[in-house]
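Enquirer: Next one to model:
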Amino acid sequence: MADISINFAGIKSPNPFWLASGPLTNTAYQVMEAFDLGWGGAVWKTVGIPIVNVYSRYGGLNYHGSRLVGLNNNELITDRSFEENYKEIYQVKKKYPKNALLVSLMFETKQEWKEHVKRAIDSGADGLELNFGCPHGMCERGMGSVVGQEPKVLKEVTGWVMEYSTVPVLVKLTPNISDIRDPGKAAQEVGAHGVSLINTIKSIMEIDLDTFSPVPSVDGKGTNGGYCGPAVKPIALHMVGSLSRMPGWKTLISGIGGVQTWRDAVEFILLGATSVQVCTAAMHYGFRIVEELNQGLSDYMDQKGFKSIEEFRGKAVKNFVEWGNLNLNYRVKAEINPKKCIECQLCVAACDAGGHQCIHTQENGSRVPYVDQEACIGCNLCSLVCPVEECITMKEIDLGKPYLTWKEYQKTAV
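Expert: Here you go, the predicted model:
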């Protein structure tokens, strides 16, 4: 049976699934309940100078009957006192010594960081996560994402924490930046033990068409918030992969962004993550989803013959390349299985509008479409819109030609 435990820079966890810092990790009650149900770790909701939150905090993106494909929030860091937070962190760690408990911190001055690094560690924190990613409310005060967007500042503040900390330090990165490698490199250069990414994406969820206010609305007004949930997973995977394949990258990664199933988690691990943090999915479905996450991961590893997470961590990184390194001599063509076709003809409409007009209706009156193989360029669009699994498949065509990249093609074309 597979061993799904991890060791993140000395932070041991029975599995890679950690609750991300946020509403889920605001109290001892919540974290204890999560640990009882099987979560491997948790990152305590960001401790900082307590703030006052507004009362309308969330906006949801629903799509074609699916609820919370995306979630937007304007909630800030803790609104509870330092004493309450540190007391409860101590209680949790004392009761659950084998679970990973990290504390997210956000402060402004060096003296504040010094004081609260010590207080968090004295409370039993296994590690610290520096919140340099919050995209609203705190960044206007000179903290959060404004630090994550300035590699020099990130490096300076992280350096303060590294000076005072006796436990591993993770830097939480903001996705609201043109190149995630810049702050990632800064975190590595200053010696951070790990990075967490991605934090939420700066966004406006929607506009109420009757009140003309951004949603969530606070007394008729709205603001930008942080976007998360399943819809952000592709962005998160790209940023995690960008760091993992960067030459000289050695820092551990805690992957965050849209993880809802064990398959999502495996994708992050394949791109180099050691732990995987979850927030929106647990807010949506409750803490019990971890049972399926743990079982699914274990079953996958058994099926593939992986004894530990380290055996497949980063296995996809070498296959994540720039466009110019793709094989121009690789060919696929669409094939329609008439026995599975339900005659909806979505593929015909999609190919006509957004493809290469190579899927047509039959002249004999049948509603089962056919593919003009000569015209098909293998774009995959038809297989993506088809509502029936494996009705339209992409079949590889062997051209009998060697691997040819764009750079090599340019040389031969001269």
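Enquirer: For the nearest residue to Tyr403 once chain neighbours are set aside, give me its contacts.
Expert: Ranked by C-beta to C-beta, 6 or more residues apart in numbering and with sequence neighbours excluded, the top spatial neighbour of Tyr403 is Asn327, at 4.9 Å. All C-beta atoms are positioned from the backbone trio N, CA, C, and that covers glycine. When contacts are counted by C-beta atoms under 8 Å, 6 or more residues apart in numbering, Asn327 touches 403-405.
Enquirer: any idea of the pLDDT on Asn327?
Expert: The per-residue pLDDT reported for Asn327 equals 96.
Enquirer: before we move on, which element is it in?
Expert: Using DSSP states H and E, Asn327 sits within no helix or strand.
Enquirer: For Asp182, which three-state class applies?
Expert: helix (DSSP: H, G, I helix; E, B strand; the rest coil).
Enquirer: can you pull the contacts of the closest residue to it other than its chain neighbours?
Expert: In space, and not counting its chain neighbours, Asp182 is closest to Pro151: 5.1 Å by C-beta to C-beta, 6+ apart. Neighbouring residues of Pro151 by C-beta under 8 Å, 6+ apart: 182-183, 185-186.
Enquirer: Run through the residues that contact Lys110.
Expert: Trp160 are the contacts of Lys110 under C-beta under 8 Å, 6+ apart.
Enquirer: Could you tell me how far it is located from Val195?
Expert: Lys110 sits 22 Å away from Val195, going by C-beta to C-beta, to the nearest Å.
Enquirer: and if you look at Lys318?
Expert: 20 Å.
Enquirer: These two - which one has more neighbours?
Expert: Val195 (27 against 9; other C-beta atoms under 10 Å).
Enquirer: Just say helix, strand or coil for the more buried one.
Expert: Following three-state DSSP, we place Val195 in the strand state.
Enquirer: Dig out what it forms beta bridges with.
Expert: Taking DSSP bridges as the rule, Val195 bridges to Val171, Ile253.
Enquirer: Looks like it contacts Ile256 (just checking).
Expert: No - if you go by C-beta atoms under 8 Å, Val195 and Ile256 don't touch, sitting 10.2 Å apart.
Enquirer: would Trp18 count as being in a helix?
Expert: No - assessed with three-state DSSP, Trp18 is strand; it does not lie in a helix.
Enquirer: What count of nearby residues applies to it?
Expert: 30.
Enquirer: Per-residue pLDDT of it, please?
Expert: For Trp18, the model assigns a pLDDT of 98.
Enquirer: So what sits opposite the closest residue to it other than its chain neighbours in the bridge?
Expert: Leaving aside its sequence neighbours, Trp18 sits nearest to Gly41 (C-beta to C-beta, 6+ apart; 3.8 Å). Beta-bridge pairing of Gly41 under DSSP bridges involves Trp18, Ala100.
Enquirer: Any figure for the gap between Gly41 and Glu129?
Expert: 11 Å.
Enquirer: can you list residues touching both of those two?
Expert: With C-beta under 8 Å, 6+ apart, Gly41 and Glu129 have common neighbours Leu102.
Enquirer: how is this protein carved up into domains?
Expert: Listed by automatic domain parsing, the domain ranges of the chain are 6-319, 323-413.
Enquirer: from the chain's centre, how far out does the last one sit?
Expert: By that I understand domain 323-413. Once both centres are worked out by C-alpha atoms, centre = their mean, to the nearest Å, domain 323-413 turns out to sit 30 Å from its chain's centre.
Enquirer: phi, psi of Val266?
Expert: Per-residue torsions, Val266: phi -60, psi -40 (degrees, to the nearest 10).
Enquirer: can you count the residues close to the spatially closest residue to it that is not a sequence neighbour?
Expert: Nearest residue to Val266 in three dimensions, chain neighbours excluded: Tyr300, at 5.9 Å (C-beta to C-beta, 6+ apart). Tyr300 has 18 neighbours, counted by other C-beta under 10 Å.
Enquirer: pLDDT wise, what is Tyr300 at?
Expert: You'll see Tyr300 listed with a pLDDT of 98.
Enquirer: Please consider this matter closed, and thank you.
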